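Chemist: make a model of this:
(one chain, ligands or ions: 1)
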Amino acid sequence: MAEEIDKNAQPEDLPFLGIPRPEEAGTHPTSTSNMPPMKNAPEELKEMAAKAADPSSATARKATPPAQVRMAKPLAKQDDDPGTWEFGRRNFLRAAGWMSFFGFISVASIGALRMMFPRTLYEPPKVFKAGVPKEYNPNTVSEKYKDTERVWICRDEEKIFALVAICTHLGCTPRWLASEGKFKCPCHGSGFTPEGINFEGPAPRPLERAKITLTETGELLVDKGTTFRYENGDWDKPDSFLKV
Ligand code: FES
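Modeler: The predicted structure is shown next:
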């Protein structure tokens, strides 16, 4: 038999609901001290349960978590925030690390590129062709190649030879004075005969001759890389002159 409920009973007379009595408010483990005591507790509870069951109610919406949770934006840090300095130092260290890395890569790349270009001195070739012997008249000095090759092509009655146009004093380029029949150095006045023998001024020795030969086609071939010195007796050697 179901227990008959007294319809005139007061809330405090309903112990089966487990609701603290108004005078016990604040003493229940789930209650707070400032919670106002409930009046007509059963009716309020029913109303709260109905609101929670209604999906359109604010209470239900609160109870149902959204499918996606949108994160709140972090607040901007203030200048006096001690974390700001820490962030800056970290950025600085990161930038310094990257700069060191790229600096190393740059230096290594430059070094690798530099190895592709050896320290070689590219000099103009020392050998050149000077035409055919008949271009040079006997007892003449040709200055055709003086400016470009620093060599005179000289011819006497018997031979052709190539005289190097470098003064044996300090290396100036002498001039051929046809009217005087001599070479004259403009720097300190050294003089040389048409053969290249020094006879005045500070030059200590005669001019040098360059190697001269004939090609298969009959052209004069002068090689400045091979020279002949008078004081060493080289002017009697083959290739120091060409018989004509
Ligand atoms: S360099 Fe020619 S005389 Fe001094």
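Chemist: make it CA atoms for all contacts and neighbour counts henceforth
Modeler: Will do.
Chemist: which element, helix or strand, includes the residue positioned nearest the centre of the chain?
Modeler: What sits nearest the mean C-alpha location of the chain, by CA atoms, centre = their mean, is Ser106, with 4.4 Å. Taking DSSP states H and E as the criterion, Ser106 maps to helix 82-115.
Chemist: contacts for the helix or strand following that helix?
Modeler: Going down the chain from helix 82-115, the next helix or strand is strand 127-129, by DSSP H and E. Strand 127-129 is touched from outside by 219-225, with contacts defined as CA atoms under 8 Å, 6 or more residues apart in numbering.
Chemist: now do the buried residues in strand 127-129.
Modeler: With burial defined by 16 or more other CA atoms under 10 Å, the residues of strand 127-129 counted as buried are Val127.
Chemist: what's the mean pLDDT across it?
Modeler: When pLDDT is averaged along strand 127-129, the result is 95.
Chemist: nearest residue to Thr227 in space, please, no chain neighbours.
Modeler: Once its chain neighbours are removed from consideration, Thr227 has its nearest residue in Ala210; the separation is 4.4 Å (CA to CA, 6 or more residues apart in numbering).
Chemist: which secondary structure elements does the lengthiest strand in the chain contact?
Modeler: In the chain, taking DSSP state E as the definition, the longest strand is strand 220-228. Applying 3 or more CA pairs under 8 Å, 6 or more residues apart in numbering; DSSP states H and E, one finds that strand 220-228 contacts strand 127-129, strand 209-214.
Chemist: just to revisit the earlier point, which residues does the residue nearest to Thr227 contact?
Modeler: Neighbour list for Ala210: 161-164, 222-228, 240 [criterion: CA under 8 Å, 6+ apart].
Chemist: thought Ile197 was touching Arg205?
Modeler: Yes. Look at Ile197 against Arg205 with CA atoms under 8 Å: they come within range, at 7.3 Å.
Chemist: CA atoms of stretch 152-172 as PDB?
Modeler: What follows is stretch 152-172 as a C-alpha-only set of coordinates in PDB (Å, rounded to 0.1, in the frame of the first residue of the first chain):
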ATOM      1  CA  TRP A 152     113.000  47.000 -81.500                       C
ATOM      2  CA  ILE A 153     113.600  45.000 -84.700                       C
ATOM      3  CA  CYS A 154     117.100  46.000 -85.800                       C
ATOM      4  CA  ARG A 155     118.800  45.100 -89.100                       C
ATOM      5  CA  ASP A 156     122.400  45.700 -90.200                       C
ATOM      6  CA  GLU A 157     124.200  44.400 -93.300                       C
ATOM      7  CA  GLU A 158     124.400  40.700 -92.100                       C
ATOM      8  CA  LYS A 159     121.600  40.000 -89.600                       C
ATOM      9  CA  ILE A 160     118.300  40.800 -87.900                       C
ATOM     10  CA  PHE A 161     118.000  40.900 -84.100                       C
ATOM     11  CA  ALA A 162     115.300  41.900 -81.600                       C
ATOM     12  CA  LEU A 163     116.500  44.300 -79.000                       C
ATOM     13  CA  VAL A 164     114.500  44.600 -75.700                       C
ATOM     14  CA  ALA A 165     113.500  48.200 -75.000                       C
ATOM     15  CA  ILE A 166     114.200  48.100 -71.300                       C
ATOM     16  CA  CYS A 167     117.000  50.200 -69.900                       C
ATOM     17  CA  THR A 168     119.400  48.200 -67.900                       C
ATOM     18  CA  HIS A 169     119.700  50.900 -65.300                       C
ATOM     19  CA  LEU A 170     116.200  51.100 -63.700                       C
ATOM     20  CA  GLY A 171     113.900  49.800 -66.500                       C
ATOM     21  CA  CYS A 172     112.800  52.900 -68.300                       C
END
